[in-house]
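[1] Sequence first, predicted model second:
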Amino acid sequence: MKKKISLLGLVLILVLGFTGCGSKSSDAAEYDKATLESQAEAILFSFSNMTDTDFEVFEDMSDLELNLTLLQSGIKMEPADFLTMIEAWKAGQEECGTYLQNEAFEMETTNEGVKLTAPAEFEDRSGTIEFAFDEEMNMESLTVSAEYSMGEILEKAGLNTILGMGTVFVVLIFISFIISLFKLIPAIEKKFKKQAKAEPAKVPETAEESVAETDLGDEELAAVIAAAVAASEGTSTDGFVVRSIKRRKSNKWN
């Protein structure tokens, strides 16, 4: 219930703000400055009297509800443009402070339509308010620009310069560190080459040991066979020499 009452109050504010604001048929070459100024003043009056909760009411509306609200208030603008103007107004309040008053508007015709610009006073600093209208005199945007002193401008420029140069130097230092590591590549490569050469050198030694063990086994086998033959014949091993051992296809021992 409170939300509906608040919404009704906002609509009434907008309706009262646009009271006496007539609509003008579209003629791209002619604009009614008084009508445009009254619309701009109505927006400023409405926005300056709204709280954050009031703005949230509009932001939570559906497109249909917001469109109907704007039609009832007599505001000639699209719902999306109205929400964008709310965001611009809130951003301007954060930068400049609470809105106090503005001076007379100056009208400037552009290729897209017309602009109204006026100096304004805010709680923290001065600024400029600009309204943009299309050729049909539909309000399109609101811009709040803060005015900074020369000292503030130089301070911002100095901070941006320091930040930019600092970033560049940090990147250069990092690149220099990476390049300094390149000198370690030959030493690492040489170490790997030494390891690669040392590992294959062990293979022949293992092969020789295996061959020696194989040969030694054959000699022992020949001695055993020679002793067995000598025992079966009743003679000594001096009378013959076992030169080779071959497996026969048939085995008579079976």
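    Ah, there it is. Residues are numbered from 1 along each chain as shown.

[2] Just give me the neighbour total for the closest residue to S126 other than its chain neighbours.
    Excluding the flanking residues, the one nearest S126 by Cβ to Cβ, 6 or more residues apart in numbering is E147, at 4.7 Å. Any C-beta I mention is one placed from the backbone N, CA and C, and that applies to glycine too. Applying other Cβ atoms under 10 Å, we find 14 residues neighbouring E147.

[3] Now do the contacts for E147.
    Counting by Cβ atoms under 8 Å, 6 or more residues apart in numbering, E147 touches 125-128.

[4] which residues touch E95?
    Here E95 is in contact with 124-125, 127, 144, 146 (Cβ under 8 Å, 6+ apart).

[5] Can you name the next helix or strand after whichever strand or helix holds it?
    E95 is located in helix 79-96, with elements delineated by DSSP states H and E. The helix or strand immediately downstream of helix 79-96 is strand 99-102, counting by DSSP H and E.

[6] that older thread, just the buried ones among the contacts of E95, please.
    Those of these that meet the buried threshold are 127, 144, 146, by 16 or more other Cβ atoms under 10 Å.

[7] Just the ones of those residues in helices?
    Judged by DSSP state H, the subset of those located in helices is empty.

[8] Closest one of the residues you listed to I153?
    Distance to I153, by Cβ to Cβ, is smallest for A146 among these, at 11.1 Å.

[9] shouldn't that closest one be in contact with C96?
    Yes: the criterion here is Cβ atoms under 8 Å, and A146 meets it with C96 at 4.9 Å.

[10] hang on, the earlier thing: off-centre distance for the helix holding E95?
    25 Å (Cα atoms, centre = their mean, to the nearest Å).

[11] So for that helix, mean pLDDT?
    When pLDDT is averaged along helix 79-96, the result is 92.

[12] Output it as CSV, nothing but the C-alphas.
    The C-alpha trace of helix 79-96 is given here as CSV (Å, rounded to 0.1, in the frame of the first residue of the first chain):
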residue,chain,number,x,y,z
PRO,A,79,11.1,4.3,-20.8
ALA,A,80,14.6,3.1,-21.4
ASP,A,81,15.8,6.7,-21.8
PHE,A,82,14.0,7.7,-18.5
LEU,A,83,15.9,4.9,-16.6
THR,A,84,19.2,6.0,-18.2
MET,A,85,18.5,9.6,-17.0
ILE,A,86,17.9,8.3,-13.5
GLU,A,87,21.3,6.6,-13.5
ALA,A,88,22.9,9.8,-14.9
TRP,A,89,21.3,11.9,-12.2
LYS,A,90,22.4,9.6,-9.4
ALA,A,91,26.0,9.6,-10.7
GLY,A,92,26.0,13.3,-10.9
GLN,A,93,24.8,13.6,-7.3
GLU,A,94,27.6,11.3,-6.2
GLU,A,95,30.2,13.4,-8.0
CYS,A,96,28.8,16.9,-7.3
